[in-house]
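Predicted model and sequence below, questions to follow.
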Amino acid sequence: MAEEKLLLQMKGIDKSFPGVHALQNMQFELRRGEVHALLGENGAGKSTLIKVLGGIYQKDDGEIFIDGQKVEINSVEDARKAGVSIIHQELVLVPWLSIAENMFLGREPKNKLGFVDFDKMNSEAKKYLVDFGLDLNPLTPIAELNIAQQQMVEIVKAISFSSNIVVMDEPTSSLSDKEAEALFESIRKLKERGVGIIYISHRMSELDIIADRVTVLRDGQYVDTKVVKETKTDDLIALMVGRSMTNYYTRTYNSFPEVALKVNGLTTDRIHDVSFEAKRGEILGFSGLIGCGRSETMEAIFGLDKIKSGSVELYGKKISGLKPDRIIKEGVGFVPEDRRGEGMFGIMDIKFNATLKVLDEFIGKLHVNGKKEREIAQHGIDSLKVKAPGMSTPIASLSGGNQQKVIIASWLAAGPKVLIVDEPTRGIDVGAKGEIYEIMNRLAAEGVTILMVSSDLPEVLNMSDRIAVMCEGTITKILDRTEASQEVIMQYAVSM
């Protein structure tokens, strides 16, 4: 790969927001046919840099060159004309429209009469889907697809713009190993065509598979660029966080013989005959392939799904059949997989989100006890070390790790006996992951039972006391941590 074949150069990029200098003299280069990973903790400046390139933000200073020509990118349309497509971590598909309609939204092919040519649009969409190896009907509404399929459609949509520069922000966060491999194969095809790919991921293991070079950012500044094959993972982590991560997974194993949660023969439309016990102070991990029933089991326990048969008992008291508000009062909390869509109110501040589960503690019939509300919020901020200017800061402006801390704080304010955490560190940087692990370990030591759903096998193996492996809607095996390995887990995840 010749040095002179630079597809993209970003020089001296500066971007400030009120009270925050998000990017300072930032630099980044991308070659043709290269996958260049962008690493850094949440808040390091990755998203801001990409949004400047994509025309979502306008830079305050600096220069952007594409194919050696200086370009001004002041809008999303400017970016697309310059050959830049961005696949955002948060999906931007319209659920009630079809796959084809989403792919060609705003650029629908027209017939001679000026109407949308649906036949041509569906035919073109089908070609892209087939080229990407997806067996999907272009007429299918987005709402009927699972999260992994929606992610794949978003990727195909971006590629359909025939862009020379494609940015992928956490593209595998909702994909199974098989789907991720299909994505990697498509990336290899794009490389062969000379497309440059900027790849953002918190999964360090993916870098060796797909990336050529990696640039590390920290606190809005450029740190270094490394060749992936010549660099150790520990060295990259040290560059990202500014220190070595000797205790990445924090876990002390406790011994509480008392059974906290007992699930017996739980059956819904999506799971069948699920049975297990979770002890007080235990972290019980749930592993398996996408669609195996992990999240569906948690939703049934929490009262979000109608139970056909079976029971759930919390410290000997039956809670199955209760509505979520009653289950919360009984002592069960639920941190959902979709942090932004289901776990928080993005337009509200930290104080509102951190106290949402305990409104009755400070809202009376005639007045709101503002002092009590602030005390609860501040306790959550302090105990979970939320990094923010103050409790009035909009939660949407926080990094993913700090958003997750606020969501956990809101549940801890309610004093849960059992806390369900679905994909607790998805889309969170390595430094924040370590902090989330510390929180979970502390809660378990205090006697809180944690049901942890995770697609990250190292996370499951290092944080769980036991691991419940699921396949096709039921538990196929419960493994003790001493007998579990990635190979053993996968064995039970793919066969009954």
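Thanks, I have it.

Poorly predicted segments of the stretch 151-300 of the chain, please.
Within the stretch 151-300 of the chain, the ranges that satisfy pLDDT under 70 run 174, 176, 243-248.

the strands in it, which residues?
Here the stretch 151-300 of the chain has its strands, by DSSP state E, counting those that start in this stretch, at 165-169, 196-200, 213-218, 221-227, 259-267, 274-279, 283-287.

What separation do you get for the residue nearest to A413 when sequence neighbours are not counted and A414?
Among residues not flanking A413 along the chain, V358 sits closest, at 4.8 Å (CB to CB, 6 or more residues apart in numbering). Just so you know, the C-beta spots here come from the backbone N, C-alpha and C atoms, and that holds for glycine as well. Going from V358 to A414 by CB to CB, to the nearest Å gives 6 Å.

who are the neighbours in contact with G415?
G331 (CB atoms under 8 Å, 6 or more residues apart in numbering).

which secondary structure element contains it?
In this structure, G415 sits in neither a helix nor a strand according to DSSP states H and E.

how many other residues sit next to Q149?
Q149 is flanked by 19 other residues according to other CB atoms under 10 Å.

Apologies, that question was intended for K371.
Neighbourhood size, K371 [other CB under 10 Å]: 9.

A strand includes it, no?
No. Counting by DSSP: H, G, I helix; E, B strand; the rest coil, K371 is not part of a strand but helix.

Count the neighbours of the closest residue to E170 other than its chain neighbours for me.
Leaving aside its sequence neighbours, E170 sits nearest to Q89 (CB to CB, 6+ apart; 4.4 Å). Neighbour count of Q89, defined by other CB under 10 Å: 19.

mind checking which helix or strand Q89 is in?
Under the criterion DSSP H and E, no helix or strand holds Q89.

correct me, but it touches D169?
Yes. Q89 lies in contact with D169 (CB atoms under 8 Å); the separation is 4.5 Å.

and Q378, what does it touch?
Q378 makes contact with M391 under the criterion CB under 8 Å, 6+ apart.

nope, A445 is what I was after
The contact partners of A445, taken as CB under 8 Å, 6+ apart, are T252, N254, G281.

Quick check: the gap between it and Y253.
10 Å.

E185 now?
Using CB to CB, E185 is found at 40 Å from Y253.

doesn't L30 fall inside a helix?
No. Membership of L30 in a helix is not supported by three-state DSSP, which gives strand.

Beta-bridge partners for it, please?
Beta-bridge partners recorded for L30 (DSSP bridges): L8.

Count residues in the vicinity of it, would you?
L30, neighbours per other CB under 10 Å, totals 23.

Please give me every residue in contact with it.
Neighbouring residues of L30 by CB under 8 Å, 6+ apart: L6, L7, L8, H36, I165, G196, I198.

try 6 Å
With contact taken as CB atoms under 6 Å, 6 or more residues apart in numbering, L30 is in contact with L7, L8, H36, G196.

With G427 instead?
Here G427 is in contact with E170, S173, G400 (CB under 6 Å, 6+ apart).

Isn't the residue nearest to A413 up against S410?
No. Contact criterion CB atoms under 6 Å: V358 and S410 do not qualify, at 8.0 Å.

quick one, which of those two is more surrounded?
Legend: neighbour count by other CB under 10 Å for V358 and S410, higher for S410 (24 against 19).

what's the closest non-adjacent residue to I198?
Leaving out its chain neighbours, the residue that sits closest to I198 by CB to CB, 6+ apart is V167, at 4.5 Å.

oh, I was asking about G343
I407 (4.6 Å).

these two touch, right, that neighbour and F345?
No. Assessed by CB under 6 Å, I407 is found out of contact with F345, at 10.5 Å.

And those two? Which one has more around it.
Set I407 next to F345 and count neighbours by other CB under 10 Å: I407 wins out with 27 against 13.

Am I right that the more buried one sits in a strand?
No. Counting by three-state DSSP, I407 falls outside a strand, being helix.

mind listing what it touches?
By CB under 6 Å, 6+ apart, the contact list for I407 reads V335, G343, M344.

Selection in PyMOL covering whichever of those are buried, please.
To isolate the buried members of the contacts of I407 in PyMOL, using 16 or more other CB atoms under 10 Å:
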select buried, resi 335+343+344
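
mind putting the contacts of I407 in TSV, secondary structure and pLDDT included?
TSV is the format used below for the contacts of I407 (DSSP: H, G, I helix; E, B strand; the rest coil; pLDDT from 0 to 100):
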residue	secondary structure	pLDDT
V335	strand	93
G343	helix	82
M344	coil	87
